[in-house]
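Student: Model the structure of this input:
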Amino acid sequence: MNSLMERISTGLEKYLVPIMNKMNNNRYLTAIKDALISTMALTILGSFCLLIAYFPFPQSYVSFMEAHPDLVNIICIPFNLTVGIISLYVAFGIGYNLAKAYDLDKLIGGGSAVFTFLIMAGGIDGGYLGATGMFTAIIAGILAVEILRLCLKKNIGFKLPKTVPGNIASGFEALVPNCITAALVIVLVYVIGFDVNNILAMVLTPIITAAGNSLVTALLYVILATLMWFVGIHPQILATLLTPAWEIMAVSNMEAFAAGAAIPYIFCKPFFFTFVFIGGQCGTLMLNLIMLRSKSRTHRDLAKLALPAGIFNINEPMLFGLPIVLNATLIIPALLGQVLTVFTTWGAFATGLVPGMGNPNAAIWDMPGLIAGGLCTASWQGVALVAVNMLLQGILYIPFYRIVEKQMLEQEKGVVA
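Tutor: Below you'll find the predicted structure:
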């Protein structure tokens with residue numbers, strides 16, 4: 001068993017981690033990721049306003065809101081100014097972060113990206129300021145900064161005397177690159193008639209879907225994350241790579257929810273952090289509750305210590321204290337339980353037993369699962385799904401935990417003797 005553990009650890013560190021690190025350090029992917037992460041506070045705010053405006057029960061509340069559409073419109077103002085124009089923020093964020101990576105003026109990069117995006121999107125009255133323009137914002141941010149970088153590298157543009165303040169000089173340095181970018185985009189979009197928004201959506205949507213919205217990807221993510229914990233490697237890098245897809249899908253779901261349309265995506269971030277990683281990765285909350293009634297005093301004390309954090313999905317005391325890391329016995333139910341609940345969660349959403357996650361960003365990762373499940377789906381069925389998944393994970397843990405408990409009891413008897 002030790003030999004197997006060493007092979008898994010060596011394999012992950014030798015093959016998987018370098019690939020993940022290389023992808024995570026890619027200049028463009030990092031700029032996109034950081035831009036999307038920077039919008040999360042805004043989309044969370046918008047999601048809670050949306051939840052207040054369209055909370056589905058009790059019926060008296062629903063009827064009151066339906067009878068006061070002006071009130072609904074006022075409540076939704078933060079939603080419309082966050083999620084409704086999310087691509088505008090993303091364009092600025094990508095331009096800002098990519099310019100930072102090139103050691104260029106960050107504000108000039110962000111401003112140029114917004115300018116380029118608005119031309120592509122048809123102006124502020126266009127229909128691409130929300131989630132539908134996300135791909136356009138990504139391309140616009142990269143294009144604007146790359147042309148800015150190329151012009152500065154080739155000394156193309158106005159050069160003002162050194163006596164001119166730096167902030168003014170930077171603005172003039174961006175004038176020619178912005179003109180070139182504008183001319184290129186105008187010819188491409190308005191003269192040639194190339195529908196950049198639809199083309200990008202057609203090409204990139206399947207890629208995003210394959211990257212984040214598939215059962216295969218979900219299973220691969222859960223399995224790799226569990227194996228990385230098993231050998232003591234934090235799997236945050238996997239979540240970081242999936243974050244752009246999660247955020248794009250979350251915004252699309254919220255827009256569909258606000259419009260009363262079908263929820264398009266299943267595998268948003270709460271799919272994992274609310275319905276599968278209950279109590280933290282490896283799904284340890286039910287195990288924590290089981291341990292409260294353990295025959296082992298050591299395990300009971302650990303369970304009491306770990307439970308407050310575990311309720312909020314922070315379970316390092318369980319992972320390293322029980323432990324689950326490098327524990328060949330407990331890693332089996334940890335892996336099986338998460339794989340099983342990936343299937344139950346997917347099945348519940350795919351069949352409509354649980355309403356789609358119309359408000360995924362309302363379920364913050366460290367929010368207790370029973371609360372988060374109800375908020376992100378705006379339904380009691382979401383709460384029930386979390387409870388069912390907890391029960392399944394607990395059932396799988398019990399027989400394996402009894403083995404570990406017995407070993408600990410023997411150790412405790414040895415200490416007493």
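
Student: what about V276, which helix or strand?
Tutor: Under DSSP states H and E, no helix or strand contains V276.

Student: make that V222, sorry
Tutor: helix 215-230.

Student: Give the rounded mean pLDDT of that helix.
Tutor: The predicted model assigns helix 215-230 a mean pLDDT of 92.

Student: by contact count, what packs against that helix?
Tutor: The contact analysis (3 or more Cβ pairs under 8 Å, 6 or more residues apart in numbering; DSSP states H and E) places helix 215-230 against helix 2-11, helix 236-259, helix 269-273, helix 331-350. C-betas here are computed from N, CA, C, even on glycine.

Student: Could I get the buried residue list for the following helix or strand past the third one?
Tutor: Of the helices and strands lying after helix 269-273 in sequence (DSSP H and E), the nearest is helix 285-291. Buried residues in helix 285-291, counted by 16 or more other Cβ atoms under 10 Å: 285-291.

Student: pLDDT score for A239?
Tutor: In this prediction, A239 carries a pLDDT score of 85.

Student: who touches it in this structure?
Tutor: Contacts for A239 (Cβ atoms under 8 Å, 6 or more residues apart in numbering) come out as A225.

Student: Okay, it and W246: tell me how far apart.
Tutor: A239 is 8 Å from W246, where distance means Cβ to Cβ, to the nearest Å.

Student: which stretches of the stretch 201-350 of the chain have low pLDDT?
Tutor: When residues are selected by pLDDT under 70, those of the stretch 201-350 of the chain lie in 205, 208-211.

Student: What of the stretch 1-150 of the chain?
Tutor: 1-17, 20, 23-24, 125-126.

Student: Apply 90 and report the result again.
Tutor: Within the stretch 1-150 of the chain, the ranges that satisfy pLDDT under 90 run 1-26, 29-30, 32-34, 36-38, 40-48, 50-51, 53-59, 62, 83-84, 121-135.

Student: what's the angle from the longest helix seen in the chain to helix 331-350?
Tutor: Looking across the chain with DSSP state H, the single longest helix is helix 380-416. For helix 380-416 against helix 331-350, the angle by axes from the mean of the first three to the mean of the last three Cα atoms, to 10 degrees is 170 degrees.

Student: Can you name every helix or strand that helix 380-416 contacts?
Tutor: So helix 380-416, by 3+ Cβ pairs under 8 Å, 6+ apart, packs with helix 285-291, helix 297-311, helix 331-350, helix 369-377.

Student: how far is the second one from where the chain is centred?
Tutor: Between the mean C-alpha point of helix 297-311 and the mean C-alpha point of its chain there is a distance of 29 Å (Cα atoms, centre = their mean, to the nearest Å).

Student: what's the following helix or strand past it packed up against?
Tutor: Later in the chain than helix 297-311, the nearest helix or strand by DSSP H and E is helix 316-321. Where contact means 3+ Cβ pairs under 8 Å, 6+ apart, helix 316-321 is packed against helix 297-311.

Student: tilt between the helix it packs on and helix 380-416?
Tutor: Going by the same axes, to 10 degrees, helix 297-311 makes 150 degrees with helix 380-416.

Student: Give me the angle between helix 297-311 and helix 369-377.
Tutor: 20 degrees.

Student: tell me which residues in helix 297-311 are buried?
Tutor: 298-299, 302-303, 306-307, 309-311.

Student: Over to stretch 179-195?
Tutor: Those would be 180-181, 185, 189, for stretch 179-195 by 16+ other Cβ under 10 Å.

Student: Give me the contacts around that stretch.
Tutor: 112, 115-116, 119-120, 143-144, 147-148, 151, 196.

Student: Export it to PDB, keeping only CA atoms.
Tutor: As requested, the backbone C-alpha atoms of stretch 179-195 are provided in PDB (Å, rounded to 0.1, in the frame of the first residue of the first chain):
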ATOM      1  CA  CYS A 179      -6.800  54.400 -33.500                       C
ATOM      2  CA  ILE A 180      -5.200  51.300 -35.100                       C
ATOM      3  CA  THR A 181      -7.400  49.000 -33.000                       C
ATOM      4  CA  ALA A 182     -10.500  51.100 -33.700                       C
ATOM      5  CA  ALA A 183      -9.800  51.100 -37.500                       C
ATOM      6  CA  LEU A 184      -9.200  47.300 -37.500                       C
ATOM      7  CA  VAL A 185     -12.300  46.500 -35.600                       C
ATOM      8  CA  ILE A 186     -14.500  48.900 -37.600                       C
ATOM      9  CA  VAL A 187     -13.400  47.500 -40.900                       C
ATOM     10  CA  LEU A 188     -13.800  43.900 -39.700                       C
ATOM     11  CA  VAL A 189     -17.200  44.400 -38.000                       C
ATOM     12  CA  TYR A 190     -18.900  47.200 -39.800                       C
ATOM     13  CA  VAL A 191     -17.400  47.200 -43.300                       C
ATOM     14  CA  ILE A 192     -16.700  43.500 -44.000                       C
ATOM     15  CA  GLY A 193     -19.700  42.600 -41.800                       C
ATOM     16  CA  PHE A 194     -17.900  39.900 -39.700                       C
ATOM     17  CA  ASP A 195     -20.300  39.200 -36.800                       C
END
